[in-house]
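Student: sharing a model prediction with you, sequence too.
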Amino acid sequence: MSVDYIADAGRKAKGQRPYFLESAQTEQLLNITMAIAQELAVTRERMDTIERLLEAGNGVTREAIENYKPDAAAAEQRQTWHQEFISRILRIVQQSREEITENTNGQADMETVVSQVSQ
Amino acid sequence: MSSNRKVLPTWDKVGKHALFPEAKHDEIARFNFLANLNNHLSGQVLPGVKEAYEQNALPAFRAEHGREPESRHEVREMMKKQPFYQLWSALRRSTMECRQQAGRSLVLRQIDRINAAAAELNNGAETLVLNPETQIPDYVTVVDTHCMPGSYHTSVVEGDVSAGANYDSGLFVTTVGQLGSMTDGGGRAICDWLKKDHADFKPKRILDIGCTIGHNVVPIGQAFPDAEIIAIDVSAPVLRYGHARAKSLGVNNITFMQVNAEDLSQFADESFDLITTSMVLHELSAQSMPKILSEISRLLVPGGLSLHLEQPQYSGRPVFEQFIRDWDTWNNNEPFWGAMHDVDLVGMIDSTGLPSDLQFSAAVTAKVDESIFPKTETGDKTEDYGRAAAWNVFGAWKPAEAAKQESVA
């Protein structure tokens, strides 16, 4: 091996990195969280492969895992799982989006609601 | 399954060739996650940015200024403060960085094998002409293009092609498969447009400028098998990769050359029938773009065709759409993207001697590889702001001799 591929893979692209959130530290944590989510998805896909190999009864070896190619039905199930997983971890994003329109439609804040229903 | 969701193709369906990195199970899974995440961000999250604009930012702007925002720059200033835009942007940037790391770890762990495979196809070939004296322009080196560490031009080791292999392996992830299994949708769109609108045009000598890994010039080579094609770029790693990739795909009529397109004096006046660029003009600079277009005009034979593939120009589009399209300018190391999409292309090309009445512009889309990929749904209501495989092709026919003499008279 002529390079340290582990360190080199994560190198920074030249140029000022934009930060979008109010706090750069919070955004760095978001980046770490999303990378962990990615690795969890990878582990889940590997588990799915092992389960399918077990089900087929042809033996589970590392070679069999590496060479596994899902058929159309399995590919669809696995890709749908990724969508569901992403929707699950990004739930707060979906809900923040919904809240924009809810507020536009005049949803009262909780102070107002509590006071209204308590009178 | 009661969901009506479009399911994305898995990464293992990507087209392979001798140089293509060999992916392990988990590397494929990582790309699958990232493609789905990209799809989620554009389909489920990005529409919320428009809602935040219309429902929060725009009313506040109107209240403060008593008018509509007049430019994408004004929209950008107001949207920077919108939490939902901040969150979408942070997630998008993070996803792009994860994609780079995933592609680079895949490629760099097998760099010696890939470089050896490239060398086997490249060594001694007359169709690969590298020139180490080539000046890499400042606009190429000032930042790493679309956040690829080292961009197209950096060799990690001698004879390196890893920049090309990383680019090739990840295009499928960022475009969620829309460019086809060989990620050659742009080049095929050019060929389809030529076949449909100009079936009689049979170029004998073709120049492709800024070819990178040749993914868009290979279909041109296949469409015109009898033509002599020269594909140029300033970056050696992608030329080495592109040449070997073309050969392994059985395309042998393309010569890959390391040349800076600002000075094409090594090529004679009126020596090419067709000159193409695919998603290249936005990687240039305000100074180099007119120079290169002038070189193209000089090199075309009378009656020859210049043809450029790009995202559509901003002019006439709503300021919010311009602002979203311009995200890459500021946040994805594409510093000329915005300025290029503001250029008066007709005027600039006209000034190179290719008059406006011989210019054309047409909307084209990638033809999806339906044997592997889900059919594109036309009429899909989700606006993709430039990530869908739809482009503007434009350019000009060079006046024929008779017409030139006429205009002189």
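Tutor: Cool, the structure landed. Given the structure is predicted, the values throughout are model-derived calculations rather than measurements.

Student: does residue B:307 sit in a helix, a strand or a coil?
Tutor: When classified by DSSP: H, G, I helix; E, B strand; the rest coil, residue B:307 comes out as strand.

Student: and residue B:394, by the same measure?
Tutor: Strictly by three-state DSSP, residue B:394 counts as strand.

Student: burial of the closest residue to it other than its chain neighbours, as a residue count?
Tutor: Spatial nearest neighbour of residue B:394, chain neighbours left out: residue B:361 (4.0 Å); criterion: C-beta to C-beta, 6 or more residues apart in numbering or on different chains. C-beta coordinates here come from the backbone N, C-alpha and C atoms, glycine included. When neighbours are counted by other C-beta atoms under 10 Å in any protein chain shown, residue B:361 registers 14.

Student: for residue B:213, what are its contacts?
Tutor: Residues near residue B:213 by C-beta atoms under 8 Å, 6 or more residues apart in numbering or on different chains: B:164, B:167, B:168, B:238, B:241, B:242, B:245.

Student: got a pLDDT number for the residue nearest in space to the middle of chain A?
Tutor: The centre of chain A sits closest to residue A:86, judged by C-alpha atoms, centre = their mean, with a distance of 4.1 Å. Residue A:86 carries a pLDDT value of 98.

Student: point me to the helix or strand that includes it.
Tutor: Residue A:86 is part of helix A:72-89 when elements are defined by DSSP states H and E.

Student: same check, this time on residue B:335
Tutor: Per DSSP H and E, there is no helix or strand for residue B:335.

Student: backbone phi and psi for it, please?
Tutor: Residue B:335 adopts backbone torsions of phi -60, psi -20, taken as degrees, to the nearest 10.

Student: scan chain A for its longest helix.
Tutor: helix A:24-56 (DSSP state H).

Student: go on, chain B?
Tutor: helix B:83-108.

Student: next secondary structure after it?
Tutor: Scanning forward in sequence from helix B:83-108 by DSSP H and E, the next helix or strand is helix B:111-122.

Student: list the contacts for the residue positioned nearest the centre of chain B?
Tutor: Centre of chain B computed as the mean C-alpha position; nearest residue by C-alpha atoms, centre = their mean is residue B:279, 3.2 Å away. Applying C-beta under 8 Å, 6+ apart to residue B:279 gives the contacts B:186, B:216, B:309, B:310, B:311, B:391.

Student: need the contact list for the nearest residue to the last one once chain neighbours are set aside.
Tutor: Just to be clear, that refers to residue B:391. Leaving aside its sequence neighbours, residue B:391 sits nearest to residue B:309 (C-beta to C-beta, 6+ apart; 5.1 Å). Residues counted as contacts of residue B:309 (C-beta under 8 Å, 6+ apart) are B:186, B:189, B:190, B:216, B:276, B:277, B:278, B:279, B:364, B:391, B:392, B:393.

Student: so which helix or strand takes in residue B:261?
Tutor: Going by DSSP H and E, residue B:261 is not in any helix or strand.

Student: and the strands in chain B?
Tutor: Assigned by DSSP state E, the strands in chain B fall at B:128-129, B:205-209, B:228-233, B:254-258, B:272-278, B:300-310, B:359-365, B:390-397.

Student: how much space between residue B:25 and residue B:292?
Tutor: The spacing between residue B:25 and residue B:292, counted by C-beta to C-beta, to the nearest Å, is 44 Å.

Student: what's the burial count for residue A:22?
Tutor: Residue A:22 has 10 neighbours, counted by other C-beta under 10 Å.

Student: cool, and residue B:332?
Tutor: Residues near residue B:332, counting by other C-beta under 10 Å: 19.

Student: in contact with it: list those residues for me.
Tutor: Residue B:332 sits next to B:93, B:96, B:146, B:147 when contact means C-beta under 8 Å, 6+ apart.

Student: for these, which one is nearest residue A:112?
Tutor: Relative to residue A:112, the closest of the contacts of residue B:332 is residue B:93; by C-beta to C-beta it sits at 37.2 Å.

Student: the closest one against residue A:20, yeah?
Tutor: Yes: the pair residue B:93 and residue A:20 qualifies as a contact (C-beta atoms under 8 Å) at a distance of 7.2 Å.

Student: ok so, going back, dump the contacts of residue B:332 to a markdown table, plus neighbour count.
Tutor: Below are these laid out as a markdown table (neighbours: other C-beta atoms under 10 Å in any protein chain shown):
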| residue | neighbour count |
| --- | --- |
| B:93 | 21 |
| B:96 | 23 |
| B:146 | 18 |
| B:147 | 22 |
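
Student: go back to these and keep what's next to chain A.
Tutor: Among those, the residues within reach of chain A (C-beta under 8 Å from any C-beta of the partner chain) are B:93, B:147.

Student: that older thread, do the longest helix of chain A and chain B meet?
Tutor: Yes: using C-beta under 8 Å from any C-beta, we find that helix A:24-56 touches chain B at A:27, A:30, A:31, A:34, A:35, A:37, A:38, A:41, A:42, A:45, A:46, A:49.

Student: go ahead and measure how far that helix is from the middle of the chain.
Tutor: Distance of helix A:24-56 from its chain centroid, counting by C-alpha atoms, centre = their mean, to the nearest Å, is 7 Å.

Student: and the next element down the chain from that helix?
Tutor: As assigned by DSSP H and E, the chain's next helix or strand after helix A:24-56 is helix A:62-67.

Student: what is the neighbour count of residue B:74?
Tutor: Neighbours of residue B:74 using other C-beta under 10 Å come to 16.

Student: go on, residue B:399?
Tutor: Using other C-beta under 10 Å: residue B:399 sits among 20 other residues.

Student: settle this for me: it is touching residue B:355, isn't it.
Tutor: Yes: in this structure residue B:399 lies within contact range of residue B:355 using C-beta under 8 Å: 6.8 Å.

Student: spell out which parts of the stretch 251-400 of chain B neighbour chain A.
Tutor: Contact residues, the stretch 251-400 of chain B versus chain A (C-beta under 8 Å from any C-beta): B:330, B:331, B:333.

Student: and if we set it to 6 Å?
Tutor: B:331, B:333 (C-beta under 6 Å from any C-beta of the partner chain).

Student: all helices of the stretch 251-400 of chain B, in order?
Tutor: Counting by DSSP state H, counting those that start in this stretch, the stretch 251-400 of chain B has these helices, from start to end: B:288-299, B:319-325, B:327-331, B:337-342, B:345-350.

Student: now the ones you listed as JSON lines including mean pLDDT and mean neighbour count?
Tutor: Formatted as JSON lines, the helices of the stretch 251-400 of chain B follow (pLDDT from 0 to 100; neighbours: other C-beta atoms under 10 Å in any protein chain shown):
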{"stretch": "helix B:288-299", "mean pLDDT": "98", "mean neighbour count": "20"}
{"stretch": "helix B:319-325", "mean pLDDT": "97", "mean neighbour count": "21"}
{"stretch": "helix B:327-331", "mean pLDDT": "97", "mean neighbour count": "19"}
{"stretch": "helix B:337-342", "mean pLDDT": "98", "mean neighbour count": "19"}
{"stretch": "helix B:345-350", "mean pLDDT": "98", "mean neighbour count": "17"}
